[in-house]
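Peer 1: mind folding the following:
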Amino acid sequence: MSPAGGNFEEPVTQSTLGTVKTFLGLSAERAYKRFYPAVDPLLSWSRYNEQLTDWYDANVAPGWTDRVRAMIDLLRRGDGILQMMQVTGEEGVSLDDFVTYQKAVFLDAVYLQQDAFDEVDSATPLERQRATFDLAYRLVTRTWAFKDKEAARGHFIRLTGLFKNLNYARADSPEHGDYLRQIELPEPATQASRPAH
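Peer 2: Predicted coordinates for the structure are as follows:
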């Protein structure tokens, strides 16, 4: 849904939102940044998540709904930190908050964005979606030790590049396995500690 002028408060739009069970909000800002599909994950929602929890547990993976909810929460926290940084600059947020922001940017770039012109990335089977989500989830819930913000930024830029290349690689290709190994191997400067629970 994309109401005229992007006004979600006008009466017809509000009435429609009150009756539908899923809403995909298109974002002009995301489209301007070339984040495609330009569906804003913080505006969009579904009332089916809770209703289908048992189905997701049986057919996708146990705990799927909780993990999706945790990733949406990460995106929200990352957006809040971005709002702070727009006022105070990077120096106005702690290293922990900056890492949370980098994790949110990473998740958005590697899981929510898609290349419709790439033969592999344009259509992803459910099994690959699940594997990709599981890998992204493990990476953003891991606790990393960075000496400073530059180290954190450099790590997530590297990780994003590798992950995007993974998204373009066929599952049965040697490149796919190579990218997976590089992604799973932590950089010496980032001493990964135990995963966060």
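
Peer 1: CA-only coordinates of the helix or strand encompassing Trp55 in CSV, if you can.
Peer 2: Assigned by DSSP states H and E, Trp55 belongs to helix 53-59. Output for helix 53-59, consisting of C-alpha atoms alone and laid out as CSV, is shown next (Å, rounded to 0.1, in the frame of the first residue of the first chain):
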residue,chain,number,x,y,z
THR,A,53,3.6,-19.9,14.9
ASP,A,54,2.9,-23.7,15.1
TRP,A,55,3.1,-24.0,11.3
TYR,A,56,6.4,-22.1,11.2
ASP,A,57,7.8,-24.3,14.0
ALA,A,58,6.8,-27.5,12.1
ASN,A,59,7.6,-26.4,8.5
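
Peer 1: residues contacting that helix, please?
Peer 2: Taking CB atoms under 8 Å, 6 or more residues apart in numbering as the criterion, the residues outside helix 53-59 that touch it are Gly63, Trp64, Thr65. Every C-beta, even on glycine, is put in place using the N, C-alpha and C of the backbone.

Peer 1: list the buried residues for stretch 148-165?
Peer 2: Across stretch 148-165, burial judged by 16 or more other CB atoms under 10 Å covers Lys149, Ala151, Ala152, Arg153, Gly154, His155, Phe156, Leu159, Thr160, Leu162, Phe163, Lys164.

Peer 1: dump the residue contacts of the fourth one.
Peer 2: Residues counted as contacts of Arg153 (CB under 8 Å, 6+ apart) are Gln102.
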